[in-house]
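# Below is the sequence, then the predicted model.
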Amino acid sequence: ALWSGRGASRAAMRALLGDAHETQGIQHIDEDALRGRFEAQCVNARDAVRRCRSKEQSPWLQLDDEQQASVLAALETPQFDGDARRRERASLEHSRTPYGAEILRAFVAAARQRSDGAAPKIAVVTASAFDPFDPVDFYLDALSEAGAEVEWWPVDAALATAVFQRRDCAALPMLRLEILKLPARDKIYPDLVAQQQRACEAPEALAALPSRVQGVFFAGGDQWKLRRAFFDRDDRPNAWLQALRRATANGDVVIGGTSAGMAIAGQYYHPGGAPDDTTVLQNPTAIAIGNNFLTENLLANLVTDTHFSQRNRQARLMSFMASAIYNFGVTWQNVRGAACDEATAYALDANGSGLVFGTNYCFFAKATGAPEILAPGAALTWNLNRDALNVYRVQGTASGANTFNVGTFTGTGGTTQFWSSDRGTLTIR
């Protein structure tokens, strides 16, 4: 089984899959079309499939994202031209908007400053993805087009278990199924699976990779999966993360990332699971916060969030800052927050000065005083005459014309907002 759960949910999924097989046969179907089909179907008490009156009744939507990804991975079919696997290609020149391409080029340019002007070597980490093999082709191709020599750092939670706990590379396929819930990856990505297997059998070279590159880029996904890949069972950084920390501390490596890759950049980050609505303000001391992934001094006392305006995460960022105060003893004078919208990025240099690229906004929050009510089980009151958080909102541009300095916590080209919470009710003005 790819997931644990009640028998009824298994039976319902068995019925959905059986109906899809009976209707579609063995012909190929697009993933989005299959998702749409599953979302619209319900199963009655007799395991008969029918159209849902409401999507909320769909068994498919009762699975979490990881469970859905596991089912789809099991249904995936290999795509080959002869003996060669078909690879995803990227074209920065043909991007629908210029901003994503400019962000990648800015990252490569920062890495080039550490390579004496030659094409910089950049490693890509995909461990946060539901399927760590899936994004590899895209990022290798996109960053190569941006001017880098790119390689995949094939670390993930299954490989970490094989290398550091089991010391058994032969167990890697089983661990991939057990930990990542991913079946038959060797049939879909035989070349990448073989590359990861070789890396497992050469652990010293695998751990030394940060010393051979000028940049490491973290693909998006779930930051908890990154933590499982880079920390041991006792929550201590493993050899991979220790090597990366040394390289960044020496200034030899520039770090970049999207979504989960941005989330881990600050000293504090949310490992995942908090809702996007204002319910997080009802008990912020219970909101989980991770501490010190990369240990970058410029981002000390900073907590991050992503997909910001698109998912209305203003209450989340405020609750994360409150949790950092309560659970880690950060003073209100020192706690800070940073968040970016989708299609927007913040490029930070070693002096604390940064540029905002993209179509939307980045947000930088600091407190004006201590929360009035911050206690276990209590709704957050952080009001201070509705001025609790001073938030500087910076519009992204294609050239990164607008700026923000995390050292002085001041910027250019932006506007100021004030956020507050009164017994769990968020106000933005």
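Sure thing, it's come through. All figures in this text were calculated on a predicted structure; none of them were measured in a lab.

# Using the centroid of this protein, identify the residue furthest from it.
What lies farthest from the middle of the chain is residue 46; by C-alpha atoms, centre = their mean that is 40.0 Å.

# Three-state assignment for that residue, please.
The local conformation at residue 46, judged by DSSP: H, G, I helix; E, B strand; the rest coil, is coil.

# Look up how far residue 11 lies from it.
11 Å (C-beta to C-beta, to the nearest Å). Glycine gets a C-beta too; all of them are placed from N, C-alpha and C.

# what's the pLDDT at the residue farthest from the centre of the chain?
If you check residue 46, the pLDDT there is 86.

# Then residue 279?
pLDDT at residue 279 comes out at 94.

# Equivalent analysis for the one 5 residues further on, please.
Reading off the confidence values, residue 284 has pLDDT 96.

# tell me the contacts of it?
Residues near residue 284 by C-beta atoms under 8 Å, 6 or more residues apart in numbering: 318, 319, 320, 322, 323, 326, 374, 380.

# ok now the helix or strand where the fourth one lies, how far from the chain's centre?
Read that as residue 322. Element membership for residue 322 (DSSP states H and E) is helix 314-328. Chain-centre distance of helix 314-328: 19 Å, with C-alpha atoms, centre = their mean, to the nearest Å.

# mind listing what's buried in that helix?
Neighbour-count burial for helix 314-328 flags 314-327 (criterion: 16 or more other C-beta atoms under 10 Å).

# Which of these sits closest to residue 297?
Checking those against residue 297 with C-beta to C-beta, the nearest one is residue 324 at 16.6 Å.

# Distance check, the closest one against residue 416.
Distance from residue 324 to residue 416, counting by C-beta to C-beta: 22 Å.

# for residue 40, same thing?
Taken as C-beta to C-beta, the span from residue 40 to residue 416 is 45 Å.

# who has more neighbours, the two?
For residue 40 versus residue 416, neighbours defined as other C-beta atoms under 10 Å are more numerous around residue 40 (13 against 9).

# In contact with the more buried one, which residues are there?
Neighbour list for residue 40: 51, 52, 55, 58 [criterion: C-beta under 8 Å, 6+ apart].

# How about the contacts made by the second one?
In this structure, residue 52 makes contact with 40, 41, 42, 58, judged by C-beta under 8 Å, 6+ apart.

# Tell me the predicted confidence for the second one.
Here, the pLDDT recorded for residue 41 equals 93.

# and it, backbone torsions?
For residue 41, the backbone dihedrals (degrees, to the nearest 10) come out as phi -110, psi 140.
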